[in-house]
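Undergrad: Coordinates only, no sequence provided:
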DNA sequence: GTAACGATCCTC
DNA sequence: AGGATCGTTACA
């Protein structure tokens, strides 16, 4: 039986959290009830020094939540079409987060947010059951492959090449 | 104001 | 290979 992950779970380096989230459960409760999915793909964004991280551009209205407490959602729209679901990690002011890129049966961050009916209303909310979106501990350890992150070539060769994408295999 | 650009996805 | 589509950002 899996157990809800406390907000303190996220108060650690993004790469550690992203890795340990593989095989964990994301749970969504709405009017239709609770749905649970096993997380299969994540990416870590390591804060203000990580040129692929939105927080590296400094604090803005959009990214402010990234500099706040761990365990809150950072939501943003990309290409005018898709919502991206992230969770803030690390310490206050570090600007770290992880991106949920894929879950069981749903490959791709835009599809994940669409399937879970995530939008900007979740911006800044904590990953607790009362928010309707939370995480539960991993019950089955999975083999994990580590690769470069997707779509971050703009970050330059050093940061684009870092193996901060975690995929179950 | 105006312009440029995505941590993507779908269709051709 | 290219289009969709708009919030965010920077700059004038």
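TA: The structure has been received and is ready for your questions. Everything numeric here is computed off the predicted structure, so don't read it as measured data. Numbers count the residues shown, from 1 in each chain, chains lettered A, B, ... in the order given.
Undergrad: Going along the chain, name the strands of chain A.
TA: Ranges of strands within chain A are A:25-30, A:33-46, A:73-78, A:82-89, A:96-103, A:106-107, A:133-136, A:144-147, A:165-168, based on DSSP state E.
Undergrad: just those strands: most buried one?
TA: strand A:96-103 (a mean of 26; mean count of other Cβ atoms under 10 Å). To be clear about C-beta, it is placed using only N, CA and C from the backbone, and glycine gets the same treatment.
Undergrad: For the nearest residue to residue A:59 once chain neighbours are set aside, give me its contacts.
TA: Leaving aside its chain neighbours, residue A:59 sits nearest to residue A:67 (6.0 Å; criterion: Cβ to Cβ, 6 or more residues apart in numbering). For residue A:67, the contacting residues are A:55, A:59, A:92, A:93, A:94, A:95, by Cβ atoms under 8 Å, 6 or more residues apart in numbering.
Undergrad: go with 7 Å
TA: A:55, A:59, A:92, A:93, A:95 (Cβ atoms under 7 Å, 6 or more residues apart in numbering).
Undergrad: What's the PyMOL line that selects buried ones from those residues?
TA: The PyMOL selection below is limited to those of those classed as buried (16 or more other Cβ atoms under 10 Å):
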select buried, chain A and resi 55+95
